[in-house]
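Student: Structure here, sequence nowhere to be found:
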């Protein structure tokens, strides 16, 4: 029982990072109809830049804030490119563009940071032990930051004019244009906000799971799967999806050896199979119109 | 009708030329010539999928790997212990090569049925996930697949009616000839598909899915057919690839190869089967040049870091994707064709 | 522009030989029209005549293949919808197209926000925040004009009736303080009584606030009743134009658009 709870605790914290990436996916898809493949790159860049600054003797908090701001700006630029040219760039073309962007970042990171995993020390402080279950401060940090970020995002979408503009564009692009908004500028802000959220998730996860230049593919897939849980549009369900995914992966790590001794290597695979089954089940309800 | 006949004749002639070339090339160029043909086989299928179903698969590399391992494992035998003691374990290589595309197509169907009914490119991520899962499995089940070390060695040569195919010498030329022969067949199948009744339906899907559905076209079924065909072609190419070196290991199939197939299709023009073949030739050639450039110690007076080959390979293709999709979304080769035609008319 | 010289007043909207193409198909084939400040003008014609295409090209949703659009003398051909809105031409789109998941009041705020928009969202939000007082006044005015919207202000717009959504769409357009309100298919899918109310409202809006109207309608009777002048479009060309009272008596219009007069019960 203790082992199970321990796995769930770890799963909830890693799942929180997936949830942030998943929310970012959903936010971008519902406002711009773009599936942003570079979402994982935002998370990885958040981690890599933080590590880079921490290695330069920056205080962790300052490093994290600067990294997040940098990635937010990068996200805005990516949004500008991903929307492409009005009337010429299809959603499929946008996906391919973001795919290209993701690999440009891989190449740049390979050049700048090399081909080995990077990490920085987790927040210090003693771990709590509750009935034999160890709770690291970093777990608590990830989970609470994720909840706060999700709440803030909801607040922005429900209460501010920028949030209205994003929701309006996801409701009807044509009406949003007639009101005077431009899809491109909405996309820029959406990508910037999504990059911010993903960078936060990525840099908080880095002390637990070190990042390498190509970690973005796995993170992107996990984030997409989390978003798929809510049909790529629901932010609330993307959040839940991330947590489910994180816990599922830990359970496979912990109990998978009952089935195969190599269970550890199937961590990602098993979680994805679970997601594919869920998506397949969803697809019986939601079909192409 | 006349046009179709001319096109058929031209394609067959070009195919014959490609096969003939396999016996005329410098022996050092035969391996890259094979790679071009294998990439073309994969790209023809992917181009149809992207051009006509508006869907993208980021897991063609997985189907390629699946085809390769299917052919290899069937050839050496399913039982790892028996492989070591019994050289006659397994089925004849030619049969294994035929099973490879069938098995990959079945896997694709299983993945595609639920996902292709959804909006929003679920297929892209599912296929990419498939690639990662497959690689994890190849490593994890090393007793069965040979893993990274020692890998999987195929001792039996691929032979059809005394006609040996392999990695070196005349066998390599034979294999290259067969590959390019199959490319020609795939081209004809692809063109036929584009021009048939099904093709008209496909074009309707490409223009407007809603309109196609309204006209009574089963959009999901057509998309599934294209996806299965694309996976099958990748599986076939993989099956042949297994015999190119007679040796397989998981690191021959990194995620980036799936992306490279996408680059080929994008350069050749989505939905253009001829473009896919030309794109394969261009990109495989570029890949080879970049590899040579990246392994040099200096470039333009700068010392190259050890990561240079990787940076070049990933970065250059990524930039090609972005630039082409932004400015020439119909593809580089179709745009060049348009430019030439305009220039000729202008004269 | 020399001050004081007696130039004739510029038309609020002037369209010259506008052509709209979708690929090989020509939807609008050289239409010209003009509309003065404070006027009520209708654009009628059968389904597919190119009315909506013409309107959307005027409003900047697609680039015309030929011709000119001028708003108060300024050439705005091919400009973005936002620029057209800022010059005082706002569209109430066909089928309402409200922002369904946002509350009615947020829909209205967005109408005002569009005017602050010059290509970039964050600075637009800052400008909007500075003008918040004026926006609030404008909101009160729109609530006075359409009290129903005040009742519905917290309800998601998608959860209101068709007629109420049309009100939301009109209110949203009014928030941009337009000089010309272009209404696409006011009557589409609405009950006759609701249409009657909305039409009365538009007339009052025009008479009391001086907002010019461009009504794109399939329902010719409604258009003639509400508007002073009308253009008749067929297959992308303007076939007739004139005061509503004259067009109403025109034999062609009567048979084609007004149910053929007495023969039909």
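Tutor: Yep, that arrived. These numbers come from a predicted model, not from an experiment. Residues are numbered from 1 along each chain as shown, chains lettered A, B, ... in the order given.
Student: For residue A:111, which non-adjacent residue is closest in space?
Tutor: In this structure, residue A:111 finds its nearest non-sequential neighbour in residue B:311, 5.0 Å apart by Cβ to Cβ, 6 or more residues apart in numbering or on different chains. Backbone N, C-alpha and C define where each C-beta goes, glycine included.
Student: The strand or helix carrying residue C:17 pairs with which strands?
Tutor: Residue C:17 is part of strand C:13-22 when elements are defined by DSSP states H and E. Its sheet considered, strand C:13-22 pairs with strand C:25-35 (antiparallel), strand C:66-71 (antiparallel) by DSSP bridges.
Student: still on that earlier bit, ok but the residue nearest to residue A:111 is inside a helix, no?
Tutor: Yes. Using DSSP: H, G, I helix; E, B strand; the rest coil, the assignment for residue B:311 is a helix.
Student: residue contacts, it?
Tutor: A:107, A:110, A:111, B:294, B:305 (Cβ atoms under 8 Å, 6 or more residues apart in numbering or on different chains).
Student: now do 7 Å
Tutor: A:107, A:110, A:111 (Cβ atoms under 7 Å, 6 or more residues apart in numbering or on different chains).
Student: likewise residue C:32?
Tutor: Applying Cβ under 7 Å, 6+ apart, the residues near residue C:32 are C:15, C:16, C:17, C:238.
Student: Determine which two of these are furthest apart.
Tutor: C:16 and C:238 (11.8 Å; Cβ to Cβ).
Student: For these two, indicate the residue with more neighbours.
Tutor: residue C:238 (22 against 15; other Cβ atoms under 10 Å in any protein chain shown).
Student: Would you enumerate the residues in contact with the more buried one?
Tutor: C:31, C:32, C:231, C:232.
Student: Point out the other elements, helices or strands, that the biggest helix by length in chain A touches.
Tutor: Determined from DSSP state H, the single longest helix within chain A is helix A:2-32. Here helix A:2-32 touches helix A:39-55, strand A:133-135, helix A:137-159, helix A:161-171, helix A:183-205, helix A:216-228, helix A:235-255, going by 3 or more Cβ pairs under 7 Å, 6 or more residues apart in numbering or on different chains; DSSP states H and E.
Student: who are the neighbours in contact with the nearest residue in space to residue B:249 that is not next to it in sequence?
Tutor: Distances taken as Cβ to Cβ, 6+ apart place residue B:151 nearest to residue B:249, at 3.9 Å, with adjacent residues excluded. By Cβ under 7 Å, 6+ apart, residue B:151 lies in contact with B:247, B:248, B:249.
Student: Quick check: the last one touching residue B:153?
Tutor: No. Look at residue B:249 against residue B:153 with Cβ atoms under 7 Å: they stay out of range, at 9.9 Å.
Student: When these two are compared, which one has more neighbours?
Tutor: The neighbour comparison of residue B:249 against residue B:153 (other Cβ under 10 Å) goes to residue B:249, with 19 against 14.
Student: pLDDT value on that one, please?
Tutor: Residue B:249 is assigned 91 on the pLDDT scale.
Student: Pop out the phi and psi values for it.
Tutor: Backbone geometry at residue B:249, expressed as degrees, to the nearest 10, gives phi -150, psi 150.
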